[in-house]
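Novice: This is a predicted model, with the sequence first.
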Amino acid sequence: MSFPITRLRRLRSNETLRNMVRETSLSVNDLIYPLFVCPGQNVKKEINSMPGNFQMSLDHFVEECKQVRDLGIPAVILFGIPEKKDLLGSDSYVENGIIQKAIRAVKEKVPDLFIITDVCLCEYTSHGHCGVIKNNDVHNDKTLTLLAKQALSHVQAGADMVAPSDMMDGRVAEIRKVLDENNFTNLPIMAYSAKYASAFYGPFREAAESAPQFGDRRSYQMDPANGDEAMREIELDIQEGADIIMVKPALSYLDIIYRAKTTFNIPVAAYNVSGEFSMIQAAARNGWVDGQKIMNEVLLSIKRAGADIILTYFAKDVAKILKK
């Protein structure tokens, strides 16, 4: 049928009809909230480039997790700022590292909050790269052992899921092997499978104090021009044991999210990264855009593209709206 018999505007004529036929919706169950934990006491330092987000010591961090839980957000992902850094990022896998202490503190006070941990070395290395340096580059295979050690330490501390973000070849298989050998066969892995070498990570690197001290990460993170390669990366991670795959960033890679979901039909996460968040915040604070409306539109676009899960710094704002 065509016009005038078919008039698509009929179903847009009022709010009730629009709500009834809406194809995509957001729920708090879709959200993961990223948090940054640092040493010390009574520390709650706002991140200059990410308004409303903070580096927090354990006391404030636990209170923040209680608020997150009370808003109905089911999960957080943790990033740590260590007391000291070295060439091998050794603070990332010690029993009393900042993330390990944070996991135990939350599990004691907010046991029903689902805790995911980022598995990577960049926040812990003195050079700021995601692995062991050899000949001025990250050595893939030497890094795998340390990543698996880090993941195991998180799980032993009580983490509910680990999320390797380093983009080393073979790291999902190595982490799966070590977890299984230590009787954590039911512990899921959410792999940053298609993580691009993106300029949108700038504010995060301030938050996590993880900027590389030389060079860049293009030898291990993906070329933004490539889509077919992302499908190969995702397929390999699934074969190695990833339970959830992730595309990062989200907005410039909605096509990759869509292709991942339609090709593999497994749970897909998308990271609405710091630069995407900060651009909206900056424009809203200058009065150039309606920040809340753009936030909703952006997150709906990520969900519509095929993401089942969205990691976003907007999680608390969305949850407050949805609770009304």
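Specialist: Perfect, I can see it now.
Novice: Could I get the full set of helices for the stretch 151-300 of the chain?
Specialist: Applying DSSP state H, counting those that start in this stretch to the stretch 151-300 of the chain gives helices spanning 171-181, 202-208, 228-240, 254-264, 274-285, 291-305.
Novice: Out of those, which gets the lowest mean score?
Specialist: Lowest mean pLDDT of the helices of the stretch 151-300 of the chain: helix 202-208, a mean of 85.
Novice: Can you list the buried residues in stretch 207-221?
Specialist: In terms of neighbour count (16 or more other CB atoms under 10 Å), stretch 207-221 has its buried residues at 207-210, 217, 220-221. From N, CA and C alone the C-beta is placed, and that goes for glycine too.
Novice: sorry, back to before: could you dump the helices of the stretch 151-300 of the chain into a markdown table with distance to Arg104 added?
Specialist: Shown next, in a markdown table, are the helices of the stretch 151-300 of the chain (distance: least, CB to CB, whole Å):
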| stretch | distance to Arg104 |
| --- | --- |
| helix 171-181 | 19 |
| helix 202-208 | 21 |
| helix 228-240 | 29 |
| helix 254-264 | 34 |
| helix 274-285 | 27 |
| helix 291-305 | 32 |
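Novice: re the thing from before, what's the farthest-apart pair in the buried residues of stretch 207-221?
Specialist: The span of the buried residues of stretch 207-221, defined through CB to CB, is set by Ala207 and Tyr220 at 20.9 Å.
Novice: Just to check, Ala250 is in contact with Glu276?
Specialist: Yes. The criterion here is CB atoms under 8 Å, and Ala250 meets it with Glu276 at 6.7 Å.
Novice: And those two? Which one has more around it.
Specialist: Between Ala250 and Glu276, counted using other CB atoms under 10 Å, the more crowded position is Ala250 (26 against 22).
Novice: Leaving out the residues flanking it, which one is nearest to that one?
Specialist: Ala270 (4.1 Å; CB to CB, 6 or more residues apart in numbering).
Novice: Lovely, talk soon.
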